[in-house]
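>>> here's my sequence, what's the structure:
(one chain, ligands or ions: 2)
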Amino acid sequence: MKEVEPVTYSNNPMLSIIVPTLREAPNIPILTEEISIAIGQVIPSWELIIVDDNSGDGIVGVCDKLRRDGAPLRLIVRKNETGLATAVLKGFDVARASIFVVMDADLSHPCSIIPMFYREIQNGADFVIGSRYMPGGGTDDKWTVLRFINSKIATLLAMPLISASDPMSGFFALRRSLWKRCEKLSPLGYKVGLELIVKGKPKNLQEVPIYFRTRKFGESKLSTRQQLLYIRHLIRLYTYKWHTDWRNNLTRILH
Ligand SMILES: Nc1nc2c(ncn2[C@@H]2O[C@H](COP(=O)(O)OP(=O)(O)O)[C@@H](O)[C@H]2O)c(=O)[nH]1
Ligand SMILES: [Mg+2]
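Ligands and ions are numbered 1, 2, ... in the order given. Purely as a prediction, here's the structure:
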């Protein structure tokens with residue numbers, strides 16, 4: 001890691017950044033450095049929580065070295081569980097701050113946005129989405145047409161559940177209290193942000209434009225199986241929404 005502002009290790013950090021990982025070891029030093037530089041003096045105490053599913057790719061050694069160099073990093077290696085969404089929830093369980101940021105390890109999500117997320121939450125937002133699809137946002141030209149169409153269809157399917165331009169984003173921030181008030185979370189596959197919004201019902205949801213970069217190292221874990229799980233997940237969320245919100249509204253209108 002190059003020279004980075006020394007960060008105070010705190011038992012009471014102002015921000016917890018949660019990053020689920022599966023075979024991402026080469027990305028971790030760059031990610032840690034980019035976060036340190038982006039946050040700089042804006043957020044004096046923070047922690048980076050990496051939740052890895054026993055990748056066995058040297059991530060333990062990589063994280064040990066970063067910690068020795070002063071990075072406020074915690075690594076959790078899960079041996080008996082897999083899945084991006086449950087990894088994020090595991091991160092929430094051990095996080096110590098009252099504001100959480102969730103992001104990918106693969107450098108697709110611009111770290112420079114983290115202070116904006118933080119500011120939005122301090123100004124009253126309880127959930128902030130990093131949006132690729134609002135003015136000022138975008139995705140890398142290297143995205144294949146198939147991936148673009150895929151993302152657009154997945155987004156359209158989620159639209160009736162929440163009013164946001166990018167409900168599928170994996171880069172978001174939230175208050176700990178929003179997570180705490182969610183009824184039992186049953187994340188399936190990929191989209192934990194969507195479930196947090198549907199169940200946590202933010203009172204003040206904000207979006208910040210982001211530019212999504214194509215990953216440099218490693219491979220995407222987005223598989224056909226994950227996409228099928230997403231459809232099952234959507235059905236669950238539609239059922240939940242029907243029982244908690246839509247049915248009550250309909251009854252009220254009809255009476
Ligand atoms: N812990 C854990 N992390 C995962 C899993 N699947 C994906 N990830 C991580 O979740 C983030 C997003 O995954 P990625 O493959 O980049 O998905 P994509 O951006 O949709 O192509 C990355 O940091 C991955 O390493 C998993 O099963 N367990
Ligand atoms: Mg990715």
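>>> give me the most central residue, this structure.
The centroid of the chain falls nearest to residue 102 when counting by Cα atoms, centre = their mean (2.9 Å).
>>> ok, it to ligand 2 distance?
From residue 102 across to ligand 2, the span is 13 Å (Cβ to the ion, to the nearest Å). Just so you know, the C-beta spots here come from the backbone N, C-alpha and C atoms, and that holds for glycine as well.
>>> need the contact list for that residue.
Taking Cβ atoms under 8 Å, 6 or more residues apart in numbering, we find residue 102 in contact with 17, 18, 19, 88, 91, 170, 171, 172, 173, 174, 192, 193.
>>> got the residues you listed as TSV, with neighbour count and distance to ligand 1 columns?
Conversion of those to TSV gives the following (neighbours: other Cβ atoms under 10 Å; distance: Cβ to the nearest ligand atom, whole Å):
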residue	neighbour count	distance to ligand 1
17	29	12
18	23	10
19	26	6
88	24	8
91	22	9
170	22	6
171	25	10
172	26	13
173	26	16
174	26	17
192	24	10
193	25	12
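>>> which of these sits closest to residue 118?
For these, the minimum distance to residue 118 (Cβ to Cβ) is 7.1 Å, reached by residue 173.
>>> that closest one should be in a strand, yeah?
Yes. Under DSSP: H, G, I helix; E, B strand; the rest coil, residue 173 sits within a strand.
>>> mind pulling the model confidence for it?
Residue 173 is assigned a pLDDT of 98 by the prediction.
>>> now do residue 169
92.
>>> surely it forms part of a helix?
No. Going by three-state DSSP, the assignment for residue 169 is coil, not a helix.
>>> burial of it, as a residue count?
26 (other Cβ atoms under 10 Å).
>>> lovely, talk soon.
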